[in-house]
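Enquirer: give me a 3D structure for the following:
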Amino acid sequence: MRPLEGMISTMKRARSVTSPAARGAALSIAVAAACLPLAVPMTTYAQDLRGPLSVSAAAPAPQAAAPAPARPRGVSESVAAIVNDEIISTYDLGQRVRLLIATSGVQPTEQTLPQFEREALVSLIDERLQLQELKRVEKEQKFSIIASDDEVNAELESYAKQNNMNGAQFLTLLGQQGVGADTFRQQLRAQISWQTWIRGRYGSRLRIGEDQIKAMLQRMASDASKPQYQISEVFIDSNRVGGRQTALNGAQQLVVQLQQGAPFAAVARQFSASATAAAGGEAGWVSPGEMPAEVDAALEQLRPGQLSAPIPVKDGVYIIYLKDKRSGAGDTLVALKQAAVALPTQATAGDIEAARVKLEALRVQIKGCENIEKVSQGVPGVVAGDLGEAQVTDLAPAFREVAETLKVGEVSAPIRTNVGLHLVAVCGKRASGGQQVTHDQIENRLYGQQLSMISRRYMRDLRTSATIETR
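Expert: Presented below is the predicted three-dimensional model:
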């Protein structure tokens, strides 16, 4: 891994989070910027973009921090944008373009530079809006929100440690790419301040209900028999970049760069408008129907390890990387628990009826797999236990019908077998060969999605009420 690629993996990380759900959400809080048209003359900072912009894997770690690059001589600094009377200069924009290039792995060309300009300017505008809002809240509430120098330095050291460097060495490496330390610190301060504010204000209020978790478990169980695809995604939002054709052109340029070796995760973090951008575009396993129909059609034609061509959809353009594919047809694994009364084959009708009444009375107390064993304790003649996980096709006919028809968390009516009468609870279903998603993982995913949505809406409102002028 190249040093700056390693840095990307932590660019979206928030400060320490105490709850498991919040830890899962921290990576999901990403800036969902609406790209504004940009007409900043490239000549105002083109000189500052000359020179090598990639880091060699063999480059030795420097020993001391380099000074921030000076403004290019002979190049006049002008206004790139004004955000509520606060100026973003063309020098600021040039520096951010350099940082974007260095951290995305995409090499600049005449075709890609306008794309870098748009993304860099949106990032700067959003940071100005965020810091202006946080300063307003600080003044109104009279408590500190914006990250201190010590907090920024702590995050810097954490990033550097990921690359086996200290903070000074890390900044020197950026300096070798023409990126000033203040440019990175400014981005870092805005990111961790905004994440802390969103998490602090809204995180403790979010509640993920058991009904939401069960609904997702049931949907995943029903999809277990369908083909599934493990994908990473980049989504170019046509509303952000000024139209469908602009989005398609930008996606085509990114596909070329990805084919030439640009890291997919780094490109996703910097260019994708999807909620998965903060996780490097990693969308996990998806089933038909979860993505737009155009994406589903493309997935059917891809083989693992392949990158799609740009896929136009209603609101933008997708780029999909298919990591793996599995067929779920006939390959469903089911986890079961039971509560049973032992009965020999020659048991009388009276014995069978007495066992049935006992189990039906027990059934109304059972709430899925969570308490089947607990409520069965102390009931004379009833033995409860975990049957483990098995392939549906390997089950006895009576149990197979239960596994195929019941949803996760449901309990069967009493089932007669050669050895007794059984209540069977379905604890989980998954495609054979796939990893079973846990209750906590689903809770973290839902928590992260909701917190990310709150952040995007907050930013949308800030942009709507702001006065933003681009030059």
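Enquirer: now the strands for the chain?
Expert: With strands called from DSSP state E, the chain shows them at 79-83, 86-89, 228-237, 282-286, 311-312, 316-326, 332-342, 382-391, 415-416, 420-431, 468-470.
Enquirer: G178 is nearest to which of these?
Expert: When the strands of the chain are compared by Cβ to Cβ, strand 86-89 sits nearest G178, at 16.0 Å. For every residue, glycine as well, the C-beta is placed using N, CA and C.
Enquirer: could you pull up the mean pLDDT of that closest one?
Expert: Mean pLDDT, strand 86-89: 94.
Enquirer: how far away from the center of its chain is that strand?
Expert: Relative to its parent chain, strand 86-89 has a centroid offset of 31 Å by Cα atoms, centre = their mean, to the nearest Å.
Enquirer: alpha carbons only: can I get it in PDB?
Expert: The C-alpha coordinates for strand 86-89 follow below in PDB (Å, rounded to 0.1, in the frame of the first residue of the first chain):
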ATOM      1  CA  GLU A  86     -15.900  34.500   3.400                       C
ATOM      2  CA  ILE A  87     -13.500  34.200   0.500                       C
ATOM      3  CA  ILE A  88     -12.100  31.000  -0.900                       C
ATOM      4  CA  SER A  89      -9.000  32.000  -2.900                       C
END
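Enquirer: how many neighbours does T467 have?
Expert: 8 (other Cβ atoms under 10 Å).
Enquirer: the closest residue to it other than its chain neighbours: what's it in contact with?
Expert: Distances taken as Cβ to Cβ, 6 or more residues apart in numbering place N84 nearest to T467, at 5.5 Å, with adjacent residues excluded. Taking Cβ atoms under 8 Å, 6 or more residues apart in numbering, we find N84 in contact with R128, L129, Q132, A466, T467, I468.
Enquirer: wouldn't the first one be in contact with D85 here?
Expert: When you say that, I think you mean R128. No: using Cβ atoms under 8 Å, R128 makes no contact with D85, being 10.3 Å away.
Enquirer: the two: which is more packed in?
Expert: Taking other Cβ under 10 Å, R128 and D85 do not tie; R128 has more neighbours (23 against 8).
Enquirer: state the pLDDT value of the more buried one.
Expert: 95.
Enquirer: report the contact partners of it.
Expert: V83, N84, E86, I88.
Enquirer: just the buried ones from these?
Expert: By neighbour count, with 16 or more other Cβ atoms under 10 Å, these hold V83, I88 as buried.
Enquirer: what is the most widely separated pair among the contacts of R128?
Expert: The two members of the contacts of R128 with the most space between them (Cβ to Cβ) are N84 and I88, at 11.2 Å.
Enquirer: what about V79, how many residues nearby?
Expert: V79 has 16 neighbours, counted by other Cβ under 10 Å.
Enquirer: you'd agree I198 is up against I454?
Expert: Yes: using Cβ under 8 Å, I198 is in contact with I454, at 6.5 Å.
Enquirer: what pLDDT does the residue of the chain positioned farthest from its centre get?
Expert: Going by Cα atoms, centre = their mean, the residue of the chain most distant from its centre is T348, 58.4 Å out. T348 carries a pLDDT value of 93.
Enquirer: next one: phi and psi at it?
Expert: phi -70, psi 160 (degrees, to the nearest 10).
Enquirer: for I442, see how far away it is.
Expert: As for T348, its distance to I442 is 46 Å (criterion: Cβ to Cβ, to the nearest Å).
Enquirer: likewise W194?
Expert: 26 Å.
Enquirer: of those two, who's got more company?
Expert: Legend: neighbour count by other Cβ under 10 Å for W194 and I442, higher for W194 (26 against 19).
Enquirer: not including adjacent chain positions, what is the nearest residue to the more buried one?
Expert: Q130 (4.6 Å).
Enquirer: tally up the residues packed near that neighbour, please.
Expert: Residues lying near Q130 (other Cβ under 10 Å) number 24.
Enquirer: just A413 next, same as before
Expert: Neighbour count for A413, taken as other Cβ under 10 Å: 12.
Enquirer: got a list of what it touches?
Expert: Contacts of A413 were listed using Cβ under 8 Å, 6+ apart, and they are E360, R363, L423.
Enquirer: quick one, which of those are buried?
Expert: Neighbour counting by 16+ other Cβ under 10 Å classes R363, L423 among the contacts of A413 as buried.
Enquirer: between the contacts of A413, which sits nearest I372?
Expert: Nearest to I372 out of the contacts of A413 is L423 (Cβ to Cβ; 7.6 Å).
Enquirer: who are the neighbours in contact with the closest one?
Expert: If you count contacts by Cβ under 8 Å, 6+ apart, L423 has them with 338-340, 359, 362-363, 366, 372, 411-415.
Enquirer: with T417 instead?
Expert: Residues near T417 by Cβ under 8 Å, 6+ apart: A396, A398.
Enquirer: what does the one 10 residues further on give?
Expert: By Cβ under 8 Å, 6+ apart, the residues touching C427 are A335, L336, K337, G368, C369, V408, G409.
Enquirer: repeat for L462
Expert: Contact analysis of L462 by Cβ under 8 Å, 6+ apart lists L129, Q130, E133.
Enquirer: if we can go back for a sec, redo the contacts of N84 as JSON lines? Include distance to S274.
Expert: Output for the contacts of N84, formatted as JSON lines (distance: Cβ to Cβ, whole Å):
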{"residue": "R128", "distance to S274": "24"}
{"residue": "L129", "distance to S274": "21"}
{"residue": "Q132", "distance to S274": "26"}
{"residue": "A466", "distance to S274": "24"}
{"residue": "T467", "distance to S274": "29"}
{"residue": "I468", "distance to S274": "24"}
